[in-house]
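Chemist: got a sequence here, can you model it:
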Amino acid sequence: MRKRSKRTVRRIVAPTIIAYSLNPEVTIQERAAVLALRGGWAEGSHYNVLADCRDMLMLAASEKHDKAVIGVCDLAGVALLNIKDRYTEKKRFGATGDELRALDLLCDVSEDWWKRQSGGLFIDAEAALSRAREMHLAEASLKEAA
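Modeler: Next comes the predicted model:
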């Protein structure tokens, strides 16, 4: 009988806390996007940064079955939808105090949660988000063509 190792083979990826310390601009962009909404000078790119933050966190937290983080993502999702609806009406980005608090909470929870996760989970969530966005774009182009 051959001896077998019980070691689980895992991808060689830096932990997310290391990636965050090497690329602090990730969290800075998220917080700057909230500041832009608070200051009234937000643009579409700021909204997209917050939507990406929320969507990646939702995908990863769902994978881990973390109900508390999913709740924060749901709250931030409502705030982002309200901001989007307001933009559709007024062609200007803005947020209420409650929406800004929800987005601040999203940034805090996201940074804290990701620092405690594996780098592989972050890479998987980013890839899943990219696939979802590509599928959404493909569906939208099919609808326009029809």
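Chemist: contacts and neighbour counts: CA atoms only from here.
Modeler: Noted.
Chemist: helices along the protein, start to end?
Modeler: Taking DSSP state H as the criterion, the chain carries its helices at 16-22, 25-39, 44-64, 67-90, 97-115, 119-145.
Chemist: now the ones you listed as JSON lines including distance to V9, mean neighbour count and mean pLDDT?
Modeler: As requested, the helices of the chain are exported to JSON lines (distance: least, CA to CA, whole Å; neighbours: other CA atoms under 10 Å; pLDDT from 0 to 100):
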{"stretch": "helix 16-22", "distance to V9": "19", "mean neighbour count": "15", "mean pLDDT": "82"}
{"stretch": "helix 25-39", "distance to V9": "29", "mean neighbour count": "18", "mean pLDDT": "95"}
{"stretch": "helix 44-64", "distance to V9": "20", "mean neighbour count": "19", "mean pLDDT": "96"}
{"stretch": "helix 67-90", "distance to V9": "28", "mean neighbour count": "17", "mean pLDDT": "97"}
{"stretch": "helix 97-115", "distance to V9": "22", "mean neighbour count": "18", "mean pLDDT": "97"}
{"stretch": "helix 119-145", "distance to V9": "13", "mean neighbour count": "14", "mean pLDDT": "88"}
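Chemist: R7: which of these is closest?
Modeler: helix 119-145 (17.3 Å; CA to CA).
Chemist: the closest one packs against which elements?
Modeler: The contact analysis (3 or more CA pairs under 8 Å, 6 or more residues apart in numbering; DSSP states H and E) places helix 119-145 against helix 16-22, helix 44-64.
Chemist: let's have those helices in JSON lines, adding distance to R2.
Modeler: JSON lines is the format used below for those (distance: least, CA to CA, whole Å):
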{"stretch": "helix 16-22", "distance to R2": "37"}
{"stretch": "helix 44-64", "distance to R2": "35"}
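Chemist: between those helices, which gets nearest to Q29?
Modeler: helix 44-64 (7.2 Å).
Chemist: who does the closest one touch, helix- and strand-wise?
Modeler: Short answer (3+ CA pairs under 8 Å, 6+ apart): helix 44-64 packs on helix 25-39, helix 67-90, helix 97-115, helix 119-145.
Chemist: spatially central residue in this protein, please.
Modeler: For the chain, C53 is the residue whose C-alpha lies nearest the centre (CA atoms, centre = their mean; 1.9 Å).
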